[in-house]
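In: Have a look at this prediction, sequence included:
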Amino acid sequence: MLDDVRKKEIQEIMAVIGRQARAASRPLATASAERKHAALVSMAAAIVARKDDILAANALDLVNARETGVAASFLDRLTLSEARVLDMANAIRAIAELPDPVGDIISEWDRPNGLHIERVRTPLGVIGVIYESRPNVTADAGALCLKAGNAVILRGGSDSLHSSQAIHSCLVEGLQDAGLPEHAIQMVPVADRLAVGAMLTGLGGSIDVIVPRGGKSLVARVQNEARVPVFAHLEGLCHVYVDASADLDMAKNIVVNAKMRRTGICGAAETLLIDRNNAGRLVAPLVSGLREAGCEVRASDEVRALVPGLIAATEEDWATEYLDAIISVTLVDGIVGAIEHIAEWSSSHTEAIIAEDQAVVERFFAEVDSAILLHNASTQFADGGEFGMGGEIGIATGKMHARGPVGVEQLTSFKYRVRGTGQVRP
């Protein structure tokens with residue numbers, strides 16, 4: 001009986017949040033670029049002014065997380081420092097300075113009958129964002145959705161609830177300062193997983209799209225249960241292929257950065273593919289660079305024959321997103337072998353090629369079907385901020401609507417405006 005009562009309470013809470021978001025989305029869709037800019041600037045200022053409060057809230061979350069014995073990579077994603085809080089504020093400022101996408105004419109043309117047709121960007125409406133551990137997603141998602149004229153419902157994980165609520169209060173302050181509806185950015189106030197289930201139903205038609213950002217189990221649940229469209233990636237099984245033509249010093253630097261800069265992000269490299277045609281030159285230095293950086297290397301038999309003492313890789317390793325200082329390494333038959341391995345094991349997130357042979361690079365770009373492809377650059381650049389988007393809600397690996405970093409433009413749809421002079425259809 002108590003469970004039924006609690007379930008009903010949460011359903012009622014979520015229904016109210018949904019109605020408030022839908023109501024806020026209407027004036028937000030037509031809000032001026034200047035007013036949205038003012039709100040974002042005020043949000044950033046509030047985050048800086050309240051950074052001590054945000055850090056204090058984060059300290060509570062960290063204590064709770066450590067008591068539950070979570071992995072180091074999880075703690076890294078959860079932890080805020082003064083620098084990371086200031087980075088949040090700077091990211092909001094960067095979003096504020098982006099061109100306002102709403103009302104942008106994507107294309108226009110005239111028909112022989114005199115009709116003038118325009119395809120124009122419009123907000124999606126109400127976006128539900130479900131995420132785990134990363135408190136900065138609260139700021140990024142709120143700011144991006146606002147810039148694109150959308151209301152947003154944020155459901156952070158229980159592990160980051162105090163941090164997210166402290167950040168959210170700054171976002172609401174910005175909305176109020178600019179005279180925008182405060183329900184344009186709402187934070188689900190309960191940690192119960194029933195709230196997630198309610199959002200996945202669409203809250204009676206209030207939510208137009210769901211964006212999950214978190215672990216494999218969360219994203220899988222959202223993709224399996226959602227009754228509204230989803231922008232998501234299940235996991236980041238990212239590959240780096242080092243071709244026989246690669247510059248060795250460049251390759252070593254990129255490989256180490258791609259794996260070790262931050263091991264717990266979805267753009268971290270998980271598998272290193274090395275051209276068998278130049279293995280003698282490439283394998284030992286690349287593996288040595290990784291091990292010196294503190295990375296555990298799990299390798300195929302051929303790689304272990306060249307570098308004794310490595311852990312043997314199993315088939316499971318090619319399908320594992322470690323999110324840790326671990327990488328799997330194998331040899332492939334040039335670009336053809338690399339493409340085949342990626343096609344079999346990749347999650348279609350991000351892949352990189354290190355090569356000087358332009359024909360090989362162009363084949364990689366043409367035949368590898370992942371959301372983000374890089375040449376002679378680290379996979380850790382798979383990020384909306386690094387793409388000049390000001391930030392991102394996540395990386396979408398599907399092929400419908402949004403793909404790659406989900407930034408301001410990806411949070412819009414479009415409509416057609418047709419202008420006539422009295423035409424009727426015969």
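Out: Alright, I've got the coordinates.

In: Mind listing what's buried along the helix-or-strand element of the chain with minimal mean pLDDT?
Out: For the chain, scoring each helix and strand by mean pLDDT, DSSP states H and E identifies helix 72-78 as the least confident one, at a mean of 82. Judged by neighbour count using 16 or more other CB atoms under 10 Å, the buried positions of helix 72-78 are Ser73, Phe74, Leu75, Arg77, Leu78. Any C-beta I mention is one placed from the backbone N, CA and C, and that applies to glycine too.

In: which strands and helices sit next to the helix or strand following it?
Out: Following helix 72-78 in sequence order, the next helix or strand is helix 82-96 (DSSP states H and E). Under the contact definition 3 or more CB pairs under 8 Å, 6 or more residues apart in numbering; DSSP states H and E, helix 82-96 sits against helix 33-49, helix 51-67, helix 136-147.

In: hey, C-alpha coordinates of helix 82-96 in CSV?
Out: As requested, the backbone C-alpha atoms of helix 82-96 are provided in CSV (Å, rounded to 0.1, in the frame of the first residue of the first chain):
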residue,chain,number,x,y,z
GLU,A,82,36.5,25.7,-8.4
ALA,A,83,38.0,25.4,-11.9
ARG,A,84,35.2,23.1,-13.1
VAL,A,85,32.5,25.4,-11.6
LEU,A,86,34.1,28.4,-13.5
ASP,A,87,34.2,26.2,-16.6
MET,A,88,30.5,25.7,-16.3
ALA,A,89,29.9,29.5,-16.1
ASN,A,90,32.2,30.0,-19.1
ALA,A,91,30.3,27.3,-21.1
ILE,A,92,27.0,29.1,-20.5
ARG,A,93,28.6,32.4,-21.6
ALA,A,94,29.8,30.7,-24.8
ILE,A,95,26.3,29.4,-25.4
ALA,A,96,24.9,32.9,-24.8
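
In: next helix or strand past it?
Out: Proceeding C-terminally, helix 82-96 gives way to strand 105-110 as the next helix or strand, assigned by DSSP H and E.

In: Parallel or antiparallel, which strands does that following strand pair with?
Out: Each strand paired with strand 105-110, and its direction, by DSSP bridges: strand 116-123 (antiparallel).

In: Now whichever helix or strand comes after the partner strand: buried residues?
Out: Helices and strands here follow DSSP H and E; after strand 116-123, the next one along the chain is strand 126-131. Of the residues in strand 126-131, those buried under the neighbour-count criterion (16+ other CB under 10 Å) are Val126, Ile127, Gly128, Val129, Ile130, Tyr131.

In: Can you pull out the residues in contact with the least confident helix or strand of the chain?
Out: With contact meaning CB atoms under 8 Å, 6 or more residues apart in numbering, helix 72-78 is reached by 58, 61-62, 65-66, 70, 133-135, 159-160, 163, 262-265, 323-324.

In: Which of those residues are buried, as a PyMOL select command?
Out: The following PyMOL selection, which keeps only the buried ones among the contacts of helix 72-78, applies the criterion 16+ other CB under 10 Å:
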select buried, resi 58+61+62+65+70+133+134+135+159+160+163+263+264+265+323+324
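
In: tally of neighbours for the nearest residue to Tyr131 once chain neighbours are set aside?
Out: What sits nearest to Tyr131 in space, not counting adjacent residues and going by CB to CB, 6 or more residues apart in numbering, is Arg213, at 4.1 Å. One way to gauge burial is a neighbour count; for Arg213, by other CB atoms under 10 Å, it gives 26.

In: unless I'm mixing things up, Arg213 is touching Gly384, no?
Out: No - the pair Arg213 and Gly384 fails to qualify as a contact (CB atoms under 8 Å) at a distance of 11.9 Å.

In: what sits in contact with each of these two?
Out: Contact with both Arg213 and Gly384 is made by residues Ile393, according to CB under 8 Å, 6+ apart.

In: Find the helix or strand that Ser217 is a member of.
Out: Using DSSP H and E, Ser217 sits within helix 216-225.

In: do the same with Ala343
Out: Secondary structure (DSSP H and E) places Ala343 in helix 334-345.

In: Counting by contacts, list what that helix packs against.
Out: Under the contact criterion of 3+ CB pairs under 8 Å, 6+ apart, helix 334-345 touches strand 238-242, strand 269-275, helix 315-318, strand 326-332, helix 358-367.

In: Same list, those, but as CSV with distance to Leu40 and mean neighbour count please.
Out: Rendered in CSV, the data for those read as follows (distance: least, CB to CB, whole Å; neighbours: other CB atoms under 10 Å):
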stretch, distance to Leu40, mean neighbour count
strand 238-242, 31, 28
strand 269-275, 33, 27
helix 315-318, 42, 14
strand 326-332, 38, 23
helix 358-367, 35, 15
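
In: Columns mean pLDDT and distance to Leu203 on top of those, output as JSON lines?
Out: Compiled in JSON lines, the helices and strands packed on helix 334-345 are given as follows (pLDDT from 0 to 100; distance: least, CB to CB, whole Å):
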{"stretch": "strand 238-242", "mean pLDDT": "98", "distance to Leu203": "34"}
{"stretch": "strand 269-275", "mean pLDDT": "98", "distance to Leu203": "36"}
{"stretch": "helix 315-318", "mean pLDDT": "97", "distance to Leu203": "39"}
{"stretch": "strand 326-332", "mean pLDDT": "98", "distance to Leu203": "40"}
{"stretch": "helix 358-367", "mean pLDDT": "98", "distance to Leu203": "41"}
